[in-house]
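Colleague: take this sequence and fold it.
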Amino acid sequence: MAEARDGKPGGAQPAQPVVRWDESRGASSYANVCNVACTREEVTLLLGVQKGWDPERSELSVQLENRVVLSPWAAKRLAFLLGNVVRQYEGRFGELSLDTAPAQAPGTAAPPARRRSTA
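Modeller: As a prediction, this is how the structure comes out:
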């Protein structure tokens, strides 16, 4: 009987476990602003809502809704999954531009599109 490098007969790979999501403590929230910070040990996602835009003010107020702390490995998996979802989205609905204001949730104002400096 042939053995694979993993020592299992015939090179059989273990079956992937089925993931069952327990939603009993889950919650949903909306975010139209995000930021990411990291240390060697963790990656932190900051998700919030910006409800208004005043071009006269030099400060933007964002209500922090969620802080998600991930291991670097989970962050890399998330980046891979998000990249796939964005590619699928753009394939269906067209390219997303970060230079234009996104559609806003009801009751929120979109910031004006930023102009790129040509200087």
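Colleague: three-state assignment of Arg20?
Modeller: At Arg20 the chain is in coil, as set by DSSP: H, G, I helix; E, B strand; the rest coil.
Colleague: number of nearby residues for it?
Modeller: Arg20: 6 surrounding residues under other CB atoms under 10 Å. (C-beta placed from N, C-alpha, C; glycine too.)
Colleague: just Val43 next, same as before
Modeller: By the measure other CB under 10 Å, the count of residues near Val43 is 19.
Colleague: where does the chain have low pLDDT?
Modeller: Across the chain, the ranges flagged by pLDDT under 70 are 1-11, 100-119.
Colleague: find the residue at the geometric middle of it.
Modeller: The C-alpha lying nearest the average C-alpha coordinate of the chain belongs to Leu82 (CA atoms, centre = their mean; 5.9 Å).
Colleague: does that one sit in a helix, a strand or a coil?
Modeller: Per three-state DSSP, the secondary structure class of Leu82 is helix.
Colleague: begin at 42 from here
Modeller: New numbering, starting at 42: the last item is Leu123.
Colleague: what's the spacing between it and Val77?
Modeller: Separation of Leu123 from Val77 (CB to CB, to the nearest Å) stands at 11 Å.
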